[in-house]
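# Predicted coordinates and the sequence they were generated for:
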Amino acid sequence: NAGVTQTPKFRILKIGQSMTLQCAQDMNHNYMYWYRQDPGMGLKLIYYSVGAGITDKGEVPNGYNVSRSTTEDFPLRLELAAPSQTSVYFCASSKQGTGELFFGEGSRLTVL
Amino acid sequence: GDSVTQMEGPVTLSEEAFLTINCTYTATGYPSLFWYVQYPGEGLQLLLKATKADDKGSNKGFEATYRKETTSFHLEKGSVQVSDSAVYFCALIGGQGGKLIFGQGTELSVKP
């Protein structure tokens, strides 16, 4: 069972560069989420989606963009990377909006 | 808006000690409450949940009771093991579903 797969696991970016974090799930889940985790700060919701073609902002969307063209995939785009975006990013999915999330293993991003 | 507050860590215990991690919440309506666990280098996993007042969630020897009168969902375990060393997150989702809101996490370290 693959579950939720995130790539890449590690990445170093220079200030001003752009990149896309990939997320795919094979559980036919409708809901997908992107969180960032900073030390001592818990998880903050960046964007979420309740189905293909539908996305909405979370608590900290600035500097990020998402799209949801298929049920399986939910990529997160970082435009003009800044040091404040140094973090660990987690993608998650759930069948419905019940709070029972399945998480990927995370992507550690460093912006220098 | 909805929020979750956890006791600060790190919490350091000896093996077989009793564990309590405090969690209180603020929410409108009737949220569902969760505890997630993150082992080193991994994504989060659902540990237990409760969906209405006075419900008790339990799993792997951990328990938590949904107390509406005190807006609390404290995590307890009678006898911790070294393998329980991890970061524990309390979380809630509002009555209308959608977004899972996390506390800041509490790191637990169990020494042999």
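Structure's in. What do you need?

# Run through the residues that contact the residue most central in space within chain A.
Chain A has residue A:34 as the residue nearest its centroid, 3.1 Å off, counting by Cα atoms, centre = their mean. Counting by Cβ atoms under 8 Å, 6 or more residues apart in numbering or on different chains, residue A:34 touches A:21, A:23, A:45-48, A:58, A:64, A:66, A:74, A:76, A:89-92. Yep, even glycine has a C-beta here, placed from its N, CA and C like the rest.

# That one falls within a strand, correct?
Yes - counting by DSSP: H, G, I helix; E, B strand; the rest coil, residue A:34 falls inside a strand.

# Now do the helix or strand of chain B with the lowest mean pLDDT: distance to the chain's middle.
In chain B, no helix or strand scores lower on mean pLDDT, DSSP states H and E than strand B:100-102, which sits at a mean of 89. Distance of strand B:100-102 from the chain centroid (Cα atoms, centre = their mean, to the nearest Å) equals 12 Å.

# Same check on stretch A:50-60?
Distance of stretch A:50-60 from the chain centroid (Cα atoms, centre = their mean) equals 11 Å.

# So what touches that stretch?
A:30-31, A:33-36, A:44-49, A:66-71, A:97, B:98-99.

# near chain B, which residues of chain A show up?
A:4, A:31, A:33, A:35, A:40-45, A:48, A:50, A:58, A:90, A:92, A:96-101, A:103-106 (Cβ under 8 Å from any Cβ of the partner chain).

# residues near residue A:77, how many?
The number of residues packed near residue A:77 is 14, by other Cβ atoms under 10 Å in any protein chain shown.

# Pull the contacting residues for it.
By Cβ under 8 Å, 6+ apart, the contact list for residue A:77 reads A:18-21, A:64-67.

# which among those end up buried?
Among these, those buried by neighbour count (16 or more other Cβ atoms under 10 Å in any protein chain shown) are A:19, A:21, A:64, A:66-67.

# pLDDT and secondary structure for the residues you listed - can I get that in TSV?
Shown next, in TSV, are the buried ones among the contacts of residue A:77 (pLDDT from 0 to 100; DSSP: H, G, I helix; E, B strand; the rest coil):
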residue	pLDDT	secondary structure
A:19	96	strand
A:21	97	strand
A:64	97	strand
A:66	97	strand
A:67	95	coil
